[in-house]
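> Got a sequence here, can you model it:
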Amino acid sequence: MSGTLLGSVQLSTQAGAFVAAVLVGGGLALAVVAAIMRVRTKQRTLAEILDDTMGTAQVPVEVVSESPERGELSAVTVRIAGIFGRMDTSGALEQRLERAAIPLRSGEYIVITAAIAGMLAVAVGVMIGSPIGSVIAIALVASIAWYLPSRRAAKRIKQMQEQLPDALALMAASVEGGQTFQRSIDMYRRDARPPLSDELDRVMAEVAVGSDLVVALENMAERSGVEDLKWAVEAVRIQQSTGGRLAPILHTLADFMRTRQEVRREVQTLSAEGRMSGYVLFAIPLFLVVALEMKDPGYLQPMLHGVGLIVLIGTAGLMGLGFWIVRRMVNIKV
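Residues are numbered from 1 along each chain as shown. Prediction:
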């Protein structure tokens, strides 16, 4: 009777701790996200005002203020995000976030990821009753946070690559009809679909504030990471320097990009089996660890100290190395 009562008390204590962890962690994460989104909304409103060349947009006072109000949560959030942003010394995370069109700076992204990882680690640790579950939860969140921008950036690059041939062909037809290249870009972006329309909007905004068209296109190519676009911009730069007809060059580039897309699709089809094998081989050990922890929480305790910990770290390193080798083998660039 006493054992049953003690088990019930422990179960209720774990349930209460789990609920408290979820509520506290979720509340902190939502507060950080809300503050960051408020700052982002202010920046987007300011960008819309700058893009309004006719001066018809209303200008709220809080949008053009130099700093947030004293005591505002966004001020603390900006400072914290700035501190964490220094961790991205090479700017690799910042570049991936920009290419993925995620409206966050690197520091803000790290803060949100850390809040989610902490909340999930406490929740899983309380639910499973083992610290290894918390470690796995943190590693999982970190892996997803690192992989998500790259995945979204790759998807966005693929969409732009599919849009570019038709866009260049339409621009070439517009140039043949007597329009300037800048005017043809402006006409196309109004009816185009994202993500190419979003990038062209930024190009025209840069031109509107005094930037050269070719320089703005080069910034777009560097920002988006599309190799085909870099070649197209270089061809436009050469044409602008040496002269000649631009329309035939754009038609040639459009046909060349369509051919490259056909080759890319064929390569993706042939390498699909290898990519899936890599995912399965990497996921099987993680699935077994989680299953063993749920079945017998004390089964993997010898792996948390001494030689077992060294073996566990070495195994994780070998898994990461094997997954990287498989990805390198099947990731064929065209």
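
> from here on, contacts and neighbour counts on C-alpha atoms
Noted.

> Show me the helices in this protein, by range?
With helices called from DSSP state H, the chain shows them at 2-51, 61-64, 73-85, 92-99, 106-128, 131-176, 181-191, 196-208, 213-224, 227-242, 246-270, 272-295, 307-330.

> isn't residue 174 right up against residue 184?
Yes. Contact criterion CA atoms under 8 Å: residue 174 and residue 184 qualify, at 5.8 Å.

> can you count the residues close to residue 143?
For residue 143, the neighbour count with other CA atoms under 10 Å is 11.

> who's in contact with residue 180?
residue 174 (CA atoms under 8 Å, 6 or more residues apart in numbering).

> Got phi/psi on it?
Main-chain torsions, residue 180, degrees, to the nearest 10: phi -80, psi 160.

> what residue ranges in the stretch 1-150 of the chain score low on pLDDT?
1-91, 130 (pLDDT under 70).

> Residue 242 versus residue 212, what's the distance?
17 Å (CA to CA, to the nearest Å).

> Settle it for me: which of these two has more neighbours?
Per other CA under 10 Å, whichever of residue 212 and residue 242 has more neighbours is residue 212, with 14 against 8.

> ok, and which of the helices of the chain has the densest surroundings?
helix 106-128 (a mean of 21; mean count of other CA atoms under 10 Å).

> Just confirm residue 162 contacts residue 262, I think it does.
No. Residue 162 is beyond contact range of residue 262, at 10.4 Å (criterion: CA under 8 Å).

> circling back to that earlier point, quick one: the helices of the chain as a markdown table, columns for distance to residue 301 too.
Conversion of the helices of the chain to a markdown table gives the following (distance: least, CA to CA, whole Å):
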| stretch | distance to residue 301 |
| --- | --- |
| helix 2-51 | 20 |
| helix 61-64 | 55 |
| helix 73-85 | 34 |
| helix 92-99 | 35 |
| helix 106-128 | 13 |
| helix 131-176 | 9 |
| helix 181-191 | 59 |
| helix 196-208 | 52 |
| helix 213-224 | 47 |
| helix 227-242 | 49 |
| helix 246-270 | 42 |
| helix 272-295 | 10 |
| helix 307-330 | 9 |
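
> any residues touching stretch 301-317, and which ones?
Residues contacting stretch 301-317 (CA under 8 Å, 6+ apart): residue 132.

> Quick check: can you list the domain ranges of this protein?
Using automatic domain parsing, the domains assigned to the chain come out as 16-129, 157-270, 273-334.

> Distance of residue 216 relative to residue 164?
For residue 216, the distance to residue 164 (CA to CA) stands at 17 Å.

> hang on, isn't residue 258 packed against residue 166?
No. Under the criterion of CA under 8 Å, residue 258 is not in contact with residue 166, lying 9.1 Å apart.

> How confident is the prediction for residue 286, by pLDDT?
Residue 286 carries a pLDDT score of 85 in this model.

> so who does it touch?
Contacts of residue 286 by CA under 8 Å, 6+ apart: none found.

> again, but for residue 222
Counting by CA under 8 Å, 6+ apart, residue 222 makes contact with residue 230.

> Tell me the spacing between it and residue 157.
12 Å.

> what is in contact with these two at once?
With CA under 8 Å, 6+ apart, residue 222 and residue 157 have no common neighbours.

> And the domains of the chain: which comes nearest residue 150?
Set against residue 150 and scored by CA to CA, those come closest in domain 16-129, at 6.1 Å.

> got any ranges where the stretch 151-300 of the chain has weak pLDDT?
In the stretch 151-300 of the chain (pLDDT under 70), no residue qualifies.

> got the CA coordinates for stretch 145-165 in CSV?
Output of stretch 145-165 as CSV, limited to C-alpha atoms (Å, rounded to 0.1, in the frame of the first residue of the first chain):
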residue,chain,number,x,y,z
ALA,A,145,17.9,24.4,-36.3
TRP,A,146,21.1,24.0,-38.3
TYR,A,147,19.5,22.0,-41.1
LEU,A,148,16.3,24.0,-41.5
PRO,A,149,17.8,27.2,-43.0
SER,A,150,19.9,25.1,-45.4
ARG,A,151,16.9,23.1,-46.4
ARG,A,152,14.7,26.2,-47.0
ALA,A,153,17.5,27.9,-48.8
ALA,A,154,18.0,24.9,-51.1
LYS,A,155,14.3,24.8,-51.8
ARG,A,156,14.2,28.6,-52.5
ILE,A,157,17.2,28.3,-54.8
LYS,A,158,15.6,25.5,-56.7
GLN,A,159,12.4,27.5,-57.2
MET,A,160,14.4,30.5,-58.5
GLN,A,161,16.3,28.2,-60.9
GLU,A,162,13.0,27.0,-62.3
GLN,A,163,11.7,30.6,-62.7
LEU,A,164,14.8,32.1,-64.3
PRO,A,165,14.5,30.6,-67.8
